[in-house]
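J.: with the sequence up front, the predicted model follows.
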There are 2 protein chains.
Amino acid sequence: MSLRYALLGLISKKPQTGYELYQTFQQQIIYFWNSTHSQIYTELRKMEQDEVISSELIYQEGSPNKKKYTITKEGEKDLIHWILEQKIKPAKIKDEFLIRASAFHLLSIDEILGLLDTIIEREQQILEGTLLWQSQHIEQEQPKFEQIGEYITSEYGIMYAKMYIDWCLKVKDILSKMDLEN
Amino acid sequence: MSLRYALLGLISKKPQTGYELYQTFQQQIIYFWNSTHSQIYTELRKMEQDEVISSELIYQEGSPNKKKYTITKEGEKDLIHWILEQKIKPAKIKDEFLIRASAFHLLSIDEILGLLDTIIEREQQILEGTLLWQSQHIEQEQPKFEQIGEYITSEYGIMYAKMYIDWCLKVKDILSKMDLEN
DNA sequence: TGCGCCATGTAAATTGTTACATGATTTA
DNA sequence: TAAATCATGTAACAATTTACATGGCGCA
């Protein structure tokens, strides 16, 4: 059901097509959920059946037609109820790199350092991307309450990437100290 | 396949039963993967068929019998190959609270503050638990290379929880500034 | 006497991923 | 001329979760 509420939340900000929602998931603008177009389109149709969203068909010449989904009053009630009354399940992280990190005892120091550098670079690029997105979409000086969601979740993305880089550096530091002893 | 390598990594440290592996997942000692006992037992049997682990049956009186799994040479080769040669997929986070946060525009300030306090407390408890676990399992002064995996992943858990709390406090700060203007 | 722990397993249902499918327009 | 973008959809497969199932032991 979580995917449903992630989509509902996005649609509640502004009416959107499945493709636009998919783009949002795709471009890592949200750091808290992910999905594919096939799952999104299927879920949207179920949501329309359950009348939490309604759709409007937009005919286009040249490009394919599209369906713009709008949240219904029922949908908004449903979403708010979920946010406030349903038990909050803890975050589920599936991080392939940390699986690797947990087995570092099988590698050489050089192999570990190589992997860490790859990840530092990856996270630095994500961080830059998010900072850019934030500067383009959020009024930093006087953020508006309507934008609170985008603001704080992009802020989360920034803090997460920074933490990840710091962690990599800390691991390097720990390793350098070990290196001296062996 | 990632679950397989998460399990292989844990077994590579010391031979373990399915139940012990499940406990490790359960007790949030690892912050990077999660699974249920049904999935773990099924995967372990597949892994034994594929000869990346081997099992030893341990008969017990009073308690049920158990199977202790040990990594094979083939398994270790397989794991190292996956760590070094396979493309690292980006972390997938599924965080129900952040879905809620992304829809905060639908709530009142008081409702938001209530949710944030719940999460701060949750993360503080996780943080304390992890710090305790680390102090009991890791030699902080002179950590051994054999323990590198547990050390750095628990360190990740600590940094992640701290970051999450800091983020909650930052959100509170952002809200308090908005409050004045409305 | 009912619940939780130990210890494993199967079955069903849900969720998520990858592949297949279409077709026009734009970009390299 | 091949790939990418827009835009949606279905089908097959894989991964994950929840429920069902067993049974003795210790605890309150």
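T.: Yep, that arrived.
J.: check contacts around the most centrally placed residue in chain A.
T.: Geometric centre of chain A, nearest residue: A:Tyr31, 2.1 Å, by Cα atoms, centre = their mean. Contact partners of A:Tyr31, counting by Cβ atoms under 8 Å, 6 or more residues apart in numbering or on different chains, are A:153, A:156-157, A:160, B:93, B:98. C-betas here are computed from N, CA, C, even on glycine.
J.: from those, which is closest to DNA strand C?
T.: When the contacts of A:Tyr31 are ranked by distance to DNA strand C (Cβ to the nearest atom of the strand), B:Ile93 comes first, at 11.2 Å.
J.: any weak-confidence spans in chain A?
T.: Where chain A drops to pLDDT under 70, the residues are A:179-182.
J.: next, the buried residues of stretch A:12-28.
T.: A:12-13, A:16-18, A:21-22, A:24-25 (16 or more other Cβ atoms under 10 Å in any protein chain shown).
J.: which two in the residues you listed are spaced the farthest apart?
T.: Largest separation among the buried residues of stretch A:12-28 by Cβ to Cβ: A:Ser12 and A:Tyr22, giving 17.2 Å.
J.: now the buried residues of stretch A:12-28 in CSV, with secondary structure and distance to DNA strand C?
T.: Listed next are the buried residues of stretch A:12-28 as CSV, based on DSSP: H, G, I helix; E, B strand; the rest coil; distance: Cβ to the nearest atom of the strand, whole Å:
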residue, secondary structure, distance to DNA strand C
A:Ser12, helix, 19
A:Lys13, helix, 21
A:Gln16, strand, 18
A:Thr17, strand, 13
A:Gly18, helix, 12
A:Leu21, helix, 13
A:Tyr22, helix, 11
A:Thr24, helix, 14
A:Phe25, helix, 9
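J.: within reach of chain B, which of these are there?
T.: For chain B, the contacts drawn from these by Cβ under 8 Å from any Cβ of the partner chain are A:12-13.
J.: distance to DNA strand D for the buried residues of stretch A:12-28 - can I get that in JSON lines?
T.: Output for the buried residues of stretch A:12-28, formatted as JSON lines (distance: Cβ to the nearest atom of the strand, whole Å):
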{"residue": "A:Ser12", "distance to DNA strand D": "18"}
{"residue": "A:Lys13", "distance to DNA strand D": "17"}
{"residue": "A:Gln16", "distance to DNA strand D": "9"}
{"residue": "A:Thr17", "distance to DNA strand D": "4"}
{"residue": "A:Gly18", "distance to DNA strand D": "4"}
{"residue": "A:Leu21", "distance to DNA strand D": "8"}
{"residue": "A:Tyr22", "distance to DNA strand D": "7"}
{"residue": "A:Thr24", "distance to DNA strand D": "12"}
{"residue": "A:Phe25", "distance to DNA strand D": "12"}
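J.: which residues touch stretch A:78-85?
T.: Taking Cβ under 8 Å, 6+ apart as the rule, stretch A:78-85 contacts A:1, A:5, A:8-9, A:12, A:52, A:71, B:100, B:103, B:106-107, B:111, B:115.
J.: let's go with 6 Å and repeat that
T.: If you take Cβ atoms under 6 Å, 6 or more residues apart in numbering or on different chains as the criterion, stretch A:78-85 is touched by A:5, A:8, A:52, B:100, B:106.
J.: now do the strands in chain A.
T.: Counting by DSSP state E, one finds strands in chain A at the ranges A:16-17, A:53-58, A:66-71, A:92-94.
J.: and chain A, which of its residues are near DNA strand D?
T.: A:17-20, A:22-23, A:37-38, A:41-42, A:44-45, A:60, A:63-67, A:92, A:94 (Cβ under 7 Å from any atom of the strand).
J.: buried sites along stretch A:64-84?
T.: For stretch A:64-84, burial by neighbour count (16+ other Cβ under 10 Å) applies to A:66-69, A:71-72, A:75-76, A:78-80, A:82-83.
J.: that stretch close to DNA strand C?
T.: Yes - interface with DNA strand C: stretch A:64-84 contributes A:Pro64 (Cβ under 7 Å from any atom of the strand).
J.: distance from that stretch to the middle of the chain?
T.: Taking Cα atoms, centre = their mean, to the nearest Å, one finds the center of stretch A:64-84 at 19 Å from the center of the full chain.
J.: so how far is A:Lys144 from A:Glu128?
T.: 25 Å (Cβ to Cβ, to the nearest Å).
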